[in-house]
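1. Quick one, fold the following:
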Amino acid sequence: MSVHAIESETRLASQHLDRDTKRIIFAAALGTVFEWYDFFIYGSLAAFFSTLFFPKGNETAALLAALATFGAGFVLRPFGAVVFGRLGDLVGRKKTFLVTMLVMGLATAAVGLLPTFEMFGWWAPTILVGLRLLQGLAVGGEFGGAVTYVAEHSEADRRGFTTSWIQITATLGLFLSLVVILLCRSSMSAESFASWGWRVPFIGSIALLVLSLYIRLKLHESPVFQQMKAEGKGSKNPVADTFGDRRNLRLVLVAIFGVVAGQAVIWYTGHFYSLYFMTTVLKMSLEQANFYLLVALALGTPFFLLFGWLSDKIGRKPIVVAGCALSALLINPLFQGLATYGNPALAEFRSKTAVVIHANDCTEDQSMFGQLFSPQATKECTRVKSFLTARAVPYIVKADAAALTVQIDDEAAVPFDEAKVLKMLTERGLPALKALAEPNGPMVIAVLFALVFLATMVYGPLGALLVELFPVRIRYSGVSVALQLGNGWIGGFAPFVATAVVIATGNIFGGLWYTIAFAASTAIIGALLLPETRGRDINS
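-> Next up, the predicted model:
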């Protein structure tokens, strides 16, 4: 289907939405865009944050710590889903997601005021982790509430399309965060941005908070929730009814492993890990990588609406299962293409160069978590692996020598000497560490668009599917818990796990197997156990 045809279909569908529905979608979506904007600012600056809030001495460990802190925000998301899901099922959808937005906004602004490690020592990363946990807690209850609220205002035959407007908010939030960061970086010197300019996107979010709160305060409670309360059918203990009832618990598990887990890893790999991959592995500038991703997001966003609309016609299940299956097949070759087009010189070097580290204790010395918690790269094998990983040089480890040596291609193995090894690698075509990539821009955008497109297949129909899956009395809890266990504990750590695997193995594509495994298993479980929900009555 052409882009023109897609625009025509979504425009026609939009014209059929009445004014009240459009206002409800706008208010819920605006607040959720703001929530995701807050959450993604940190993720977009993860590599930058590693130099601000963590001790210097081992850049690899600092980067992993920054990514782990980003992941810490996901740890509390399922708990936020339980806390705010319970409130949403007891006191109402509207009041609950007003609270989640306020918590999120205040925590984000506080990050912009936080002293760095040099100013505040270990208190800086400690407080940063605390603020990230608060952000995760708030997001845990926000998205499920917004999509439930919109779905309960929608007509049955347009529920997929109307909720897909909420599905695009995560991408729009990321888009907005990247735009703000680009504007800040382009309007001041690199020194000013590093000194104080990075704080502007965080502190400036207060204006968005005020606007979003004002608009949401004008909303009315969901008619489905009001009817449930009037009939006395509400749950007195939504948490117990969600996890203690065998049928409801099965719904939660099917939702997590039959759709959300795949959606989560596909979305975070395509949107976040791709950004890290371009800047850290392929050595693109942040401006280059952000620009390419912004263009891909702009091209891909309408497909959220298309697949939401299409799910109203043919069903939710076939689209999300197909999206997971295609992702399992295509993620690895797409990243292979991203590496080839993103830095052709590096790709050529990697294709013809083989490095072997010979050392009996190298594997033990370099566990992925050992690097994370080691304050400095003091062990020899750690230094060698960090040196090679930082330059995206592929390597393998052989436990066949008492003393550590490095072998490049057919050359004789030599004791590790950074200057000597760097000279040998440079002679074989390794680009300089600070040399920016010269990417094939159109092809990079095409690859990124394909990654975004795969995410839209799974994410577009997701909101309607989850709302229709759970009974009204535990809907806020069920939807939120399924979303946040899948996104928080499975998808949220995808960038960290992928990065850690790359560091531990020397294979820049090794971390993608985490995404591939979850996408494939979700496709299988979804095909076997996920029911088709299109057309269900959500009042019961």
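2. Can you get me a residue count around the residue lying closest to A520 once chain neighbours are set aside?
-> Excluding its sequence neighbours, the residue lying closest to A520 (Cβ to Cβ, 6 or more residues apart in numbering) is A328, at 3.9 Å. Quick note: C-beta positions are derived from backbone N, CA and C, even for glycine. Using other Cβ atoms under 10 Å, A328 has 23 other residues around it.
3. if I read this right, A328 contacts Y514, doesn't it?
-> No: A328 is beyond contact range of Y514, at 11.7 Å (criterion: Cβ atoms under 8 Å).
4. Number of residues surrounding the nearest residue to F387 once chain neighbours are set aside?
-> The shortest distance from F387 to any residue other than its chain neighbours is 6.1 Å, reached at E418 (Cβ to Cβ, 6+ apart). Residues near E418, counting by other Cβ under 10 Å, number 10.
5. ditto for the one 3 residues further on
-> Counted with other Cβ under 10 Å, the neighbours of V421 add up to 19.
6. if I pick it, what's in contact with it?
-> Residues in contact with V421 (Cβ atoms under 8 Å, 6 or more residues apart in numbering) are F387, V406, I408, V414.
7. tell me which element the residue nearest to I490 when sequence neighbours are not counted falls in.
-> Nearest non-adjacent residue to I490, counting by Cβ to Cβ, 6+ apart: A261, 4.8 Å away. Using DSSP states H and E, A261 falls within helix 261-268.
8. got a list of contacts for that helix?
-> 170, 320, 323-324, 327, 331, 454-455, 458-459, 462, 486-487, 490-492, 494-495, 514-515, 518-519, 521-523, 526.
9. Point out the ones among those that are inside helices.
-> 170, 320, 323-324, 327, 331, 454-455, 458-459, 462, 494-495, 514-515, 518-519, 521-523, 526 (DSSP state H).
10. Excluding chain neighbours, what is closest to F175?
-> F175 sits nearest to L297 (Cβ to Cβ, 6+ apart), 5.0 Å away.
11. Outside of the particular helix or strand that has that neighbour in it itself, list whatever touches it.
-> Assigned by DSSP H and E, L297 belongs to helix 286-300. Applying Cβ under 8 Å, 6+ apart, the external contacts of helix 286-300 come out as 3, 44, 47-48, 171, 174-175, 178-179, 181-182, 185-186, 271, 274-275, 278-279, 284, 436-437, 439, 441, 444-445, 448-449, 451-453, 455-456.
12. Of those, select the buried ones using a ChimeraX command.
-> Here is the ChimeraX command that picks out the buried ones among those, judged by 16 or more other Cβ atoms under 10 Å:
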select :44,47,48,171,174,175,178,181,182,185,271,274,275,278,279,284,437,439,444,445,448,449,451,452,453,455,456
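13. Buried residues in the strand or helix carrying G105, which are they?
-> Element membership of G105 [criterion: DSSP H and E] is helix 93-112. The neighbour-count check on helix 93-112 (16+ other Cβ under 10 Å) flags 93-94, 96-101, 103-112 as buried.
14. now do stretch 240-253
-> Going by 16+ other Cβ under 10 Å, stretch 240-253 has these buried residues: D241, T242, F243, N248, L251, V252.
15. Could you save those residues as CSV and add columns showing secondary structure and pLDDT?
-> Output for the buried residues of stretch 240-253, formatted as CSV (DSSP: H, G, I helix; E, B strand; the rest coil; pLDDT from 0 to 100):
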residue, secondary structure, pLDDT
D241, helix, 83
T242, helix, 83
F243, helix, 85
N248, helix, 89
L251, helix, 92
V252, helix, 92
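16. now those residues as a markdown table including distance to R350?
-> Shown next, in a markdown table, are these (distance: Cβ to Cβ, whole Å):
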| residue | distance to R350 |
| --- | --- |
| D241 | 54 |
| T242 | 49 |
| F243 | 48 |
| N248 | 50 |
| L251 | 46 |
| V252 | 43 |
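17. Flag the shaky bits of the protein, pLDDT-wise.
-> 1-20, 35, 39, 43-44, 46-50, 55-72, 361-379 (pLDDT under 70).
18. what about the helices in the stretch 101-250 of the chain?
-> Taking DSSP state H, counting those that start in this stretch as the test, the helices found in the stretch 101-250 of the chain are 117-120, 123-151, 159-186, 190-195, 200-203, 205-217, 223-230, 238-243, 246-255.
19. Please name the nearest non-neighbouring residue to G486.
-> V260 (3.0 Å).
20. what's the one you found in contact with, if anything?
-> L462, L466, A482, L483, L485, G486, N487, I490.
21. Repeat that for A109.
-> A109 neighbours (Cβ under 8 Å, 6+ apart): F202, I203, S205, I206, L209.
22. got it, and S164?
-> F304, L305, F307, G308, W309, G460, P461, G463, A464.
23. cool, and P439?
-> Per Cβ under 8 Å, 6+ apart, neighbours of P439: L282, M284, Q288, Y292, Y341, G342, N343, P344.
24. Show me which pair in the residues you listed is furthest apart.
-> Comparing every pair within the contacts of P439 by Cβ to Cβ identifies Y292 and P344 as the most remote, at 14.8 Å.
25. if you count what's nearby, which of the two comes out ahead?
-> Y292 (26 against 16).
26. contacts for stretch 32-40?
-> Stretch 32-40 is contacted from outside by 73, 100-101, 104-105, 107-108, 135, 138-139, 142-143, 146, 166, 169-170, 172-174, 176-177, 180, 205, 208-209, 211-212, using Cβ under 8 Å, 6+ apart.
27. how about 7 Å then?
-> Stretch 32-40 is contacted from outside by 73, 101, 104-105, 108, 135, 139, 142-143, 146, 166, 169-170, 172-174, 176-177, 205, 208-209, 212, using Cβ atoms under 7 Å, 6 or more residues apart in numbering.
28. Also stretch 510-519?
-> 261-262, 265-266, 269, 324, 327-328, 331-332, 335, 490, 494, 497-499, 501-502.
29. list the buried ones in that stretch?
-> Neighbour-count burial for stretch 510-519 [16+ other Cβ under 10 Å]: G511, L512, Y514, T515, I516, F518, A519.
30. Stretch 228-242 now?
-> M228, G234, S235, P238, V239, D241, T242.
31. gap between the residue of the chain most remote from its centre and V406?
-> Distance from the C-alpha centroid of the chain peaks at A412, with 43.3 Å (Cα atoms, centre = their mean). Going from A412 to V406 by Cβ to Cβ, to the nearest Å gives 10 Å.
32. ditto for I524
-> From I524 to V406 the distance is 42 Å (Cβ to Cβ).
33. circling back: please pull up the helix or strand immediately following the helix holding A261.
-> helix 274-276.
34. quick one, what contacts the spatially closest residue to D312 that is not a sequence neighbour?
-> Once flanking residues are discounted, D312 sits nearest to G160: 4.2 Å by Cβ to Cβ, 6+ apart. Taking Cβ under 7 Å, 6+ apart, we find G160 in contact with G308, W309, S311, D312, R316, P461, A464.
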